[in-house]
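Asker: Fold the following for me, if possible:
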Amino acid sequence: MTDRHQDTPKHLAALIENVARIIQIRAHVHGVHPVQWSALRYFLRAGVKARTVNGLARYQGTTATPASRTIGALISKSYLKATTDPKDRRSKIIEVTPQGRKILKRDPLQEIEAALARLETRDQVALSALMEKMLFSLQKIDDSKEE
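Answerer: The predicted model follows:
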């Protein structure tokens, strides 16, 4: 193995860090924090049964308390609304408001999607497969730390 190949993981880690930094910088726009963008995207796509505090908590890998705070912040900005679930009066169904849909048109993640769309299809497929492998590997590391 040459020195160049030995540096490949370091080089890739630095590239990933730079992409992540750019995403985080761009995600702090329009008065919406990154976790709030994630929540807005989630509620836009989620089915009715999943549009709850617990649904968001599961999606974001957190607990109900921070998910509830995120939802509360988005409700105060008029991007989400909560209505009582007619089947379970103790639960709330979360919906994206027209203002929420409007701000989602300015979602900074669209810039990343546009950059990825400029890649050739085979490169997109390869990158997707590699990123999934990397995420799986990182999850296994996290799981082994919990043991």
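Asker: secondary structure element for the spatially most central residue of the chain?
Answerer: Nearest to the mean C-alpha position of the chain, counting by Cα atoms, centre = their mean, stands Ser38 at 4.1 Å. Using DSSP states H and E, the element containing Ser38 is helix 34-45.
Asker: Find the nearest non-adjacent residue to the residue nearest to the centre of the chain, please.
Answerer: Counting by Cβ to Cβ, 6 or more residues apart in numbering, Ser38 lies nearest to Gln60, which is 6.3 Å off, once chain neighbours are set aside. (C-beta placed from N, C-alpha, C; glycine too.)
Asker: burial count for that neighbour?
Answerer: Gln60 is flanked by 15 other residues according to other Cβ atoms under 10 Å.
Asker: which ones are touching the residue lying closest to Leu104 once chain neighbours are set aside?
Answerer: Nearest residue to Leu104, sequence neighbours excluded (Cβ to Cβ, 6+ apart): Leu40, at 5.7 Å. For Leu40, the contacting residues are 32, 74, 79-80, 96, 100, 103-104, 107, by Cβ atoms under 8 Å, 6 or more residues apart in numbering.
Asker: and of the residues you listed, the nearest to Ala114?
Answerer: Asp107 (11.2 Å; Cβ to Cβ).
Asker: Now for the residue lying closest to that closest one once chain neighbours are set aside, how many residues are close by?
Answerer: Among residues not flanking Asp107 along the chain, Trp37 sits closest, at 6.3 Å (Cβ to Cβ, 6+ apart). The number of residues packed near Trp37 is 22, by other Cβ under 10 Å.
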